[in-house]
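K.L.:
Predicted model, plus sequence, below.
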Amino acid sequence: MPRLTPDPHSYARPTEVVVRRMALDLDVDLDRQRLAGSVTFDVERVDPEATELALDTWHLDLGAVTDGDGTPLEHHVGEHDEILGAPLTIRLGDSDRVVVHYATTDKATALQWLGAEQTSSGQPFLFTQSQPILARSWIPCQDSPGIRAPYDATVRVPAHLMAVMSAENPTERSADGHYRFTMPEPVPTYLVALAVGDLRFRELGARSGVYAEEAVVEKAAWEFADTEAMIEAAERLYGPYRWGRYDLLILPPSFPYGGMENPRLTFATPTVIAGDRSLVTLVAHELAHSWSGNLVTNATWNDLWLNEGFTTYFETRIDEEMYGADYTSMLLRLGRQELEKTLADASPEQTVLHAELVDPDGYLPKLPYEKGSLFLRMLEARVGRERFDAFLRDYFDRFAFGSMDTPTFLAHLESELLVPAGLTPDDVRVEEWIHGPGVPDDAPVFSSDAFMLVEAQVDRLLAGTPAADLDADGWVSHQWVHLVRSLPADADHALLDDVDAAFGFSTTGNIEVATAWFELVVAAGWVFERPAADEALGDLLTRHGRALYLRKVYTRLAATERGRERAREIYALARPTYHPVSQGVVDRILA
């Protein structure tokens, strides 16, 4: 049984009463854009004297609250907090079953309802995004990552659409639009996910497949053909995959993240369908979460690095198994570049790994991912890969289907890895890494032969060689990103004209390259003097809703008065198409 840790971002009181099973019964109304039905909880009185179940809510339309026999239960909704929502406190009767009838409202921040014009199928679409604490906006629940329960669901949708969840899924459409789901393993509420759309399924392997709209599904199946091999590579590293199937759902472009590791069904952005399998490391990342995050979960969002730092490390180990050390070295270099950009714009207190967050969404981009991964890479270098891999594999086995906080992990690290290796926490500067600002100077340094080739060509370009004459045949997208990032921030506009004419960065379909390019040319002011490029910029920001890339480009735009004006023009058109997560990101930038 996992430890129950007090969570500053939840009203739940799991040391008193905790949910042990959840059952949803929902109607999906795409016209009214709401979910309506009930959720049933089987609860355990951890404290035998406890009389109340405390749940998290966010602007829900609450109806009857009863026990399992339909007897009304006294309940109360507390004051609404703009970060945490409102507590729903239910006085328990003699039964250990509670039923809450409810409907969502137009303030449900986890839900995005897409009209026919926003999908490739011309049919409406719904998807949820519950991390970190948005599940409470579509389910009254104990919305803490340290509380886990299996769940069942009955979901009714229009008969011409398909419903899928982070559970055991159908591969064919139901004749009547009724779907029944089971997630037998215990999961936290942020990993409960639902999507409804005109979906098709294609098998990728014995235990993997992809769902997408018809216009996308074949491209997606080709792009993610290595998925089964990735699962096998991950298992060789850190033990068996414990979730049955690993499927992918490719969402419309408004999805605010690259991917979301919903167990059994990763939700993924279509921006990774580059046509050359160059961005499939995203699958490695979300797959790695099946161990680090889904199997062993951060106890609170202050411990996010235990999910994301471990997963970023694991992702690059899968990449190395699949594509070799030379390929992985590029990813490690790009990751360090991202971290350095984050650190450059941050105050010291924002750069610690174990944070005390008021808002659980308050981490700087990439900080827990890349700094956490660097910490693990440093440990690997100090104790050796063989010993470190054995430690991680045991960690995932020992704490499977449980939660982990930072103090407990550090004690485990000391007793199970450092002491057997003849080291102390001071020897590896644990305090500096976890609670100190920035990156300690014992962080690993990564070299890349592939990037050295790029840098040699950049030197030729800056010395006067036309861009079209550079020796760039066979480059992968990571090298193109590195080329763009290697160009000077004050690059001459004629040079940028030459580069764009040769390589078509303004109109590339590769989201990584396009974003790096527009970060550069917005800062240089070049884009505002090139109508075609300016139009392409607007197209990028209105076609895609992935928050990471929106943040980068809008931040560059907001740095100057001219850019901020252009950003507001674009955002006025794009905002209605963005998920609430992405809206919040851009709202803060342009405030």
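P.N.:
Received the coordinates, thanks. Residues are numbered from 1 along each chain as shown.
K.L.:
which stretches of the stretch 251-400 of the chain aren't confidently modelled?
P.N.:
Counting by pLDDT under 70, the stretch 251-400 of the chain shows no low-confidence range.
K.L.:
And the strands in it, which stretches?
P.N.:
259-260, 265-268, 296-298 (DSSP state E, counting those that start in this stretch).
K.L.:
closest to R543 out of those?
P.N.:
Among the strands of the stretch 251-400 of the chain, strand 265-268 comes nearest to R543, with 16.4 Å by CB to CB. The way it works is simple: take the backbone N, C-alpha and C, and place the C-beta from them, glycine included.
K.L.:
and stretch 168-175, which residues are buried?
P.N.:
Buried residues in stretch 168-175, counted by 16 or more other CB atoms under 10 Å: N169, R173, S174.
K.L.:
still on that earlier bit, let me have the strands of the stretch 251-400 of the chain in a markdown table, adding distance to D67 and mean neighbour count as columns.
P.N.:
A markdown table is the format used below for the strands of the stretch 251-400 of the chain (distance: least, CB to CB, whole Å; neighbours: other CB atoms under 10 Å):
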| stretch | distance to D67 | mean neighbour count |
| --- | --- | --- |
| strand 259-260 | 34 | 22 |
| strand 265-268 | 32 | 26 |
| strand 296-298 | 30 | 26 |
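K.L.:
how about these in a markdown table, adding distance to L418?
P.N.:
Listed next are the strands of the stretch 251-400 of the chain as a markdown table, based on distance: least, CB to CB, whole Å:
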| stretch | distance to L418 |
| --- | --- |
| strand 259-260 | 33 |
| strand 265-268 | 34 |
| strand 296-298 | 19 |
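K.L.:
With respect to S38, which of those lies nearest?
P.N.:
strand 265-268 (23.2 Å).
K.L.:
Packing partners of the closest one?
P.N.:
On a contact count with 3 or more CB pairs under 8 Å, 6 or more residues apart in numbering; DSSP states H and E, strand 265-268 meets strand 246-250, strand 259-260, helix 281-288.
K.L.:
Would you reformat these as a markdown table and include distance to A524?
P.N.:
Listed next are the helices and strands packed on strand 265-268 as a markdown table, based on distance: least, CB to CB, whole Å:
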| stretch | distance to A524 |
| --- | --- |
| strand 246-250 | 34 |
| strand 259-260 | 31 |
| helix 281-288 | 29 |
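K.L.:
I'd like to know which of those is closest to H75.
P.N.:
strand 259-260 (31.3 Å).
K.L.:
partners of that closest one in the sheet?
P.N.:
Its sheet considered, strand 259-260 pairs with strand 265-268 (antiparallel) by DSSP bridges.
K.L.:
can you give me the offset of the strand it pairs with from its chain's centre?
P.N.:
Offset of strand 265-268 from its chain centre (CA atoms, centre = their mean, to the nearest Å): 10 Å.
K.L.:
Is the nearest residue to L60 once chain neighbours are set aside in a helix, a strand, or coil?
P.N.:
Excluding the flanking residues, the one nearest L60 by CB to CB, 6 or more residues apart in numbering is Y102, at 5.0 Å. Classification of Y102 using DSSP: H, G, I helix; E, B strand; the rest coil returns strand.
K.L.:
State the number of residues packed around Y102.
P.N.:
Using other CB atoms under 10 Å, the number of residues around Y102 comes to 22.
K.L.:
Now do the same contact list for it.
P.N.:
Neighbour list for Y102: A36, G37, S38, V39, L60, D61, L62, G63, P140 [criterion: CB atoms under 8 Å, 6 or more residues apart in numbering].
K.L.:
can you rerun that using 6 Å?
P.N.:
The contact partners of Y102, by CB atoms under 6 Å, 6 or more residues apart in numbering, come to L60, L62, G63, P140.
K.L.:
For ChimeraX, write a command that selects the buried ones of those residues.
P.N.:
Buried residues among the contacts of Y102 (16+ other CB under 10 Å), as a ChimeraX selection:
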select :60,140
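K.L.:
Among the contacts of Y102, which pair sits farthest apart?
P.N.:
The largest separation in these, counting by CB to CB, is between G63 and P140 at 10.7 Å.
K.L.:
can I assume F127 is in contact with A195?
P.N.:
Yes: between F127 and A195 there is a contact at 4.3 Å, judged by CB atoms under 6 Å.
K.L.:
if I look at L413, how far off is D539?
P.N.:
To D539, L413 is 47 Å away according to CB to CB, to the nearest Å.
K.L.:
more neighbours, these two?
P.N.:
Counting neighbours by other CB under 10 Å for L413 and for D539 shows that L413 has the greater number, 18 against 14.
K.L.:
if we look at the helix or strand containing that one, which residues are touching it?
P.N.:
When elements are assigned from DSSP states H and E, L413 belongs to helix 406-413. Applying CB under 6 Å, 6+ apart, the contact partners of helix 406-413 are D303, H354.
K.L.:
Measure how far it is from the centre of its chain, please.
P.N.:
For helix 406-413, the distance to the chain centre is 24 Å (CA atoms, centre = their mean).
K.L.:
list the contacts for the residue nearest to T577 when sequence neighbours are not counted?
P.N.:
Spatial nearest neighbour of T577, chain neighbours left out: S254 (5.5 Å); criterion: CB to CB, 6+ apart. Neighbour list for S254: G545, T577, H579 [criterion: CB under 6 Å, 6+ apart].
K.L.:
Report the buried members of those.
P.N.:
So, by 16+ other CB under 10 Å, the buried ones in those are G545, T577, H579.
K.L.:
Tabulate those residues (a markdown table), appending distance to L520.
P.N.:
Shown next, in a markdown table, are the buried ones among the contacts of S254 (distance: CB to CB, whole Å):
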| residue | distance to L520 |
| --- | --- |
| G545 | 22 |
| T577 | 25 |
| H579 | 27 |
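K.L.:
Out of those, which comes closest to Y323?
P.N.:
Using CB to CB, G545 is the member of the buried ones among the contacts of S254 that lies nearest Y323, at 28.8 Å.
K.L.:
Find the centremost residue of the protein, please.
P.N.:
Per CA atoms, centre = their mean, the C-alpha nearest to the average position across the chain is that of M260, at 4.2 Å.
K.L.:
ok, now which ones touch it?
P.N.:
F267.
K.L.:
Start the count at 26 instead of 1 going forward.
P.N.:
Yep, numbering from 26; the last one is M285 now.
K.L.:
who does it bridge with?
P.N.:
Beta-bridge partners, per DSSP bridges, of M285: F292.
K.L.:
Any idea what the closest residue to L51 other than its chain neighbours is bridged to?
P.N.:
With CB to CB, 6+ apart as the criterion, L51 has its nearest non-adjacent residue at 4.0 Å, and that residue is G62. On the basis of DSSP bridges, G62 is bridged to L51, Y127.
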